[in-house]
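Novice: fold the following.
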Amino acid sequence: MSDEARVFVAIPFPGELRGSIVRQTAELRDGHSSVRPVREEQIHLTLRFLGDTPRSGLDALGEAVCDAAADASPFELRIGGVGAFPHARKPRVLWVGVERSPWLEALRGSLEDSLERLGFERERRPFRPHVTVARVSRGRPVPDHLPDALEAAVVRATTHVTSVALFESVLDPGGARHTVLRTCRLGSMGSD
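Specialist: Here you go, the predicted structure:
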């Protein structure tokens, strides 16, 4: 086992919501060899990617995540719209949008504060909340239908957010595998 873990903090989604997102994006995700769908069990909303982090610091990192969660209240998260990074004609990532809300922004801000106290630099890029549903392979042709499918797609869902989690991501040839290292309930001290 490596001395470092590739980690991120995210809002985990319940199975019903993950299944709904997969069904609503099937036309975008399936049917072309250059599009690699994210596995249903791995669908989540990333709040902060931290990258390679010493395993010796994971307990303190988990505490920092729980401190941030304790400062936040449970809230409704609205999901809707689809798009691609960097854009629909040359997509690398296919995503479902997440509506910005004061509660999501407060949670993200609390997380940034908590991570900064632990020694992580604040994220400089603007927070663009989204749920990655597929990646498009480099050097392979983009499916002809994809730009039109992105424009026509309609995805709508709502979920009640009650926790955040610290995840480890292990890169495999078949795609990343995510493991929950710690789950922290919003508005309470400690973890599940």
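Novice: for residue 155, see how far away the residue lying farthest from the centre of the chain is.
Specialist: Going by CA atoms, centre = their mean, the residue of the chain most distant from its centre is residue 144, 27.1 Å out. As for residue 144, its distance to residue 155 is 21 Å (criterion: CB to CB, to the nearest Å). Just so you know, the C-beta spots here come from the backbone N, C-alpha and C atoms, and that holds for glycine as well.
Novice: ok, now residue 33?
Specialist: 23 Å.
Novice: give me the more crowded residue out of these two.
Specialist: residue 155 (19 against 9; other CB atoms under 10 Å).
Novice: residue 25 is in contact with that one, correct?
Specialist: Yes. At 6.3 Å, residue 155 counts as touching residue 25 under the criterion of CB atoms under 8 Å.
Novice: mutual contacts of the two, please.
Specialist: Each of 82, 96 lies in contact with both residue 155 and residue 25 under the rule CB atoms under 8 Å, 6 or more residues apart in numbering.
Novice: for this protein, longest helix please?
Specialist: helix 102-117 (DSSP state H).
Novice: name the residues of that one that come out as buried.
Specialist: By 16 or more other CB atoms under 10 Å, the buried positions in helix 102-117 come out as 103-104, 107-108, 110-112, 114-115.
Novice: likewise stretch 179-188?
Specialist: In stretch 179-188, counting by 16+ other CB under 10 Å, buried: 181-186.
Novice: one more: stretch 12-31?
Specialist: Counting neighbours by 16+ other CB under 10 Å, one finds that the buried residues in stretch 12-31 are 12-13, 17-18, 20-22, 24-25, 28-29.
Novice: just give me how far it sits from the chain centre.
Specialist: Relative to the chain's own centre, stretch 12-31 is displaced by 14 Å; criterion: CA atoms, centre = their mean, to the nearest Å.
Novice: what's next to it, contact-wise?
Specialist: 35, 37-38, 40-41, 43-45, 79, 82, 94, 96, 131, 133-134, 143, 145-146, 149-150, 153-157, 159, 163-165, 180, 183.
Novice: buried among these? Make that a PyMOL selection.
Specialist: With 16+ other CB under 10 Å as the criterion, this PyMOL line picks the buried residues out of those:
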select buried, resi 35+37+38+43+44+45+79+82+94+96+131+133+134+143+146+149+150+153+155+157+159+163+164+165+183
